[in-house]
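Chemist: fold the following, please.
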Amino acid sequence: MLSVAAAVELLVHVGLLLSLFSPAAIAFTPRMQPSQSSYQTLLSAADTRCSNEVEVTSLASLFSVHGSIPSENQFVWALIPLPAVKEGNGDGAVAKAALKAQAHSSSAATYTLDCKVNNTNADVLRMNLSTMSNNGNVHDGDESFLLGILSRILVQWAAAQCSELSSSKADRKEVHLSLDPGSTFGGDYHMDANDLLSNNPIALFDDILENASSLEMSEMVSSSGNKLGVVPRPIVHKLNLLHRGIGMVVCKGRHITHDIPDETLPEVYCHQRTESKRVFPSLFDMFVGGVSTAGEDAILTASREIAEELGLLRALNDPSGDALTGPLFKCTVCTSYNRCVVTMFTYRCMNDEIIKWQEEEVQWGGWVSYRDIESSATLSINRLKDRGNWPGSGIGTDNTMLEIDRASGFEGETWDYVPDGLLVWEAWVRWRKAEAY
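Modeler: As a prediction, this is how the structure comes out:
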């Protein structure tokens, strides 16, 4: 019998095969927006520029993506297949290892996306992108869609590096794009430079996705969490693109720091997902988390998510207050269904605040002692290890913290946590111990 984690991964893969390349199948549920005043206060601090790294590494579908700038006007992404994994969650570990690899051979690439920039005159910048198959194979429909999406992200990254589109020049520039002429998802576009560099370059996706203008936009990012380009959020999940998000520990009465004594650690809010959830039904989580929208600073994501998920509004209503602490650190979660650079925060919940979860999302929530969370998380990780489904390293999950406080009525030794949350927990434990993560 499949474990919950394995079953979900199988479900996700089957879903990808059935619906990934059907634009009509992509849907989006609008998210709550904070009040305009608080939103603008937080948004003003956001850095919305693309990464200015000369070499970048990211992840997309079954490939690691390695970007370089061979010359001033040439921008190249090489797509290198991730090593095959036979079973378990090893593909997450493989993907994470690919992000950390320092040297990459161009001969290992299956595809190369090559973007060349030609500044023909003072008013028009031409960008020509071609796709080369390095093994002589003609890519199929599925990979054509992937390459079409990545080409649209690459031109955004290239445009952001181009001196001819600096902030002082972009206002008077038109960009003519030629993306892989003749391919299924290629195309020619004439765009205002500011639109191409914006957080909503919807013209790039209008002709390949139905209802593209109604889709929320997210960012594909590099291994360091820097923006490469903007893409409709459903595509981020369908192609398992590396993206940005936040994680948050909700603390009772005081924030948790990495140097706070164990005996003074506050209780932490935990919740259980509903049985009707499509992914990880009935599993527990000790974090609040969410995906950052395009151009949204991590602290705004954290403020919005805590308001949406638990009805706690102090961070939105008073952005300069002490409701949130962070960013504390970043960690990268890699699984077969989710790849995210997570920025961590804590939220200080006061006695007069009332937690209100969404009934369709959460079936139980409550305050749990920090030690009980340590113990129940360790047991949950060990069960995943026993089934061969644990994608983490195991650091911080030794067997020295397995005492459950049954006197308090806590029965969490049988709790199974969301695997993604446990990966973040592993990084959290390292941070608390001031170890490298």
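
Chemist: I'd like the average pLDDT over the helix or strand hosting residue 189.
Modeler: Assigned by DSSP states H and E, residue 189 belongs to strand 187-192. The pLDDT scores in strand 187-192 average 89.

Chemist: and the closest residue in space to residue 355 that isn't next to it in sequence, what does it touch?
Modeler: Among residues not flanking residue 355 along the chain, residue 310 sits closest, at 4.9 Å (C-beta to C-beta, 6 or more residues apart in numbering). C-beta: built from backbone N, CA, C; applies to glycine. Neighbour list for residue 310: 250, 269, 288, 355, 356, 357, 365 [criterion: C-beta atoms under 8 Å, 6 or more residues apart in numbering].

Chemist: tell me the least confident of the residues you listed?
Modeler: Out of those, that is residue 357, at 92.

Chemist: list the contacts of that residue.
Modeler: 271, 309, 310, 311, 365.

Chemist: and which of those is nearest to residue 254?
Modeler: The shortest gap between residue 254 and any of the contacts of residue 357 belongs to residue 310, at 17.5 Å (C-beta to C-beta).

Chemist: any idea of the pLDDT on that closest one?
Modeler: Looking at residue 310, the pLDDT reads 96.

Chemist: repeat that for residue 267.
Modeler: Looking at residue 267, the pLDDT reads 97.

Chemist: next up, phi/psi of it, please.
Modeler: phi -70, psi 150 (degrees, to the nearest 10).

Chemist: can you count the residues close to the nearest residue to residue 183 once chain neighbours are set aside?
Modeler: Using C-beta to C-beta, 6+ apart and skipping residues adjacent in sequence, the residue nearest residue 183 is residue 144, 6.2 Å away. Per other C-beta atoms under 10 Å, the neighbour tally for residue 144 reads 18.

Chemist: again, but for residue 311
Modeler: With other C-beta under 10 Å as criterion, residue 311 counts 13.

Chemist: residue 79 versus that one, what's the distance?
Modeler: Residue 311 is 43 Å from residue 79, where distance means C-beta to C-beta, to the nearest Å.

Chemist: dump the residue contacts of residue 81.
Modeler: Taking C-beta under 8 Å, 6+ apart as the test, what residue 81 contacts is 62, 63, 108, 110.

Chemist: nearest to residue 371, of these?
Modeler: The closest of those to residue 371 turns out to be residue 62 (C-beta to C-beta; 40.8 Å).

Chemist: surely residue 294 and residue 218 touch.
Modeler: Yes: using C-beta atoms under 8 Å, residue 294 is in contact with residue 218, at 5.9 Å.

Chemist: quick check: neighbours shared by the two?
Modeler: residue 230.

Chemist: who's more crowded, those two?
Modeler: residue 218 (26 against 22).

Chemist: tell me how far that one lies from residue 186.
Modeler: For residue 218 relative to residue 186 (C-beta to C-beta), the value is 23 Å.

Chemist: what do you get for residue 345?
Modeler: Taken as C-beta to C-beta, the span from residue 345 to residue 186 is 41 Å.

Chemist: more neighbours, those two?
Modeler: residue 345 (27 against 18).

Chemist: could you report the separation of the more buried one from residue 117?
Modeler: Residue 345 is 39 Å from residue 117, by C-beta to C-beta.

Chemist: what's the answer for residue 328, then?
Modeler: Taken as C-beta to C-beta, the span from residue 328 to residue 117 is 39 Å.

Chemist: so which of the two has more stuff around it?
Modeler: Neighbour tally, residue 328 and residue 117, criterion other C-beta under 10 Å: the higher count belongs to residue 117, 22 against 19.

Chemist: which of the helices or strands spans that one?
Modeler: strand 111-118.

Chemist: in the stretch 251-400 of the chain, mark out all the helices, start to finish.
Modeler: 298-310, 314-317, 370-386 (DSSP state H, counting those that start in this stretch).

Chemist: any idea which of the ones you listed gets closest to residue 174?
Modeler: Among the helices of the stretch 251-400 of the chain, helix 298-310 sits nearest to residue 174 (C-beta to C-beta), with 31.8 Å.

Chemist: need the CA coordinates for the closest one. CSV is fine.
Modeler: Below are the C-alpha coordinates for helix 298-310, written out as CSV (Å, rounded to 0.1, in the frame of the first residue of the first chain):
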residue,chain,number,x,y,z
ALA,A,298,8.5,38.3,1.4
ILE,A,299,7.3,40.3,4.4
LEU,A,300,4.2,41.2,2.5
THR,A,301,3.6,37.6,1.6
ALA,A,302,3.9,36.6,5.3
SER,A,303,1.5,39.4,6.3
ARG,A,304,-1.0,38.4,3.7
GLU,A,305,-0.8,34.7,4.4
ILE,A,306,-1.2,34.9,8.1
ALA,A,307,-4.3,37.1,7.5
GLU,A,308,-5.8,34.7,4.9
GLU,A,309,-5.1,31.5,6.7
LEU,A,310,-5.6,32.3,10.4
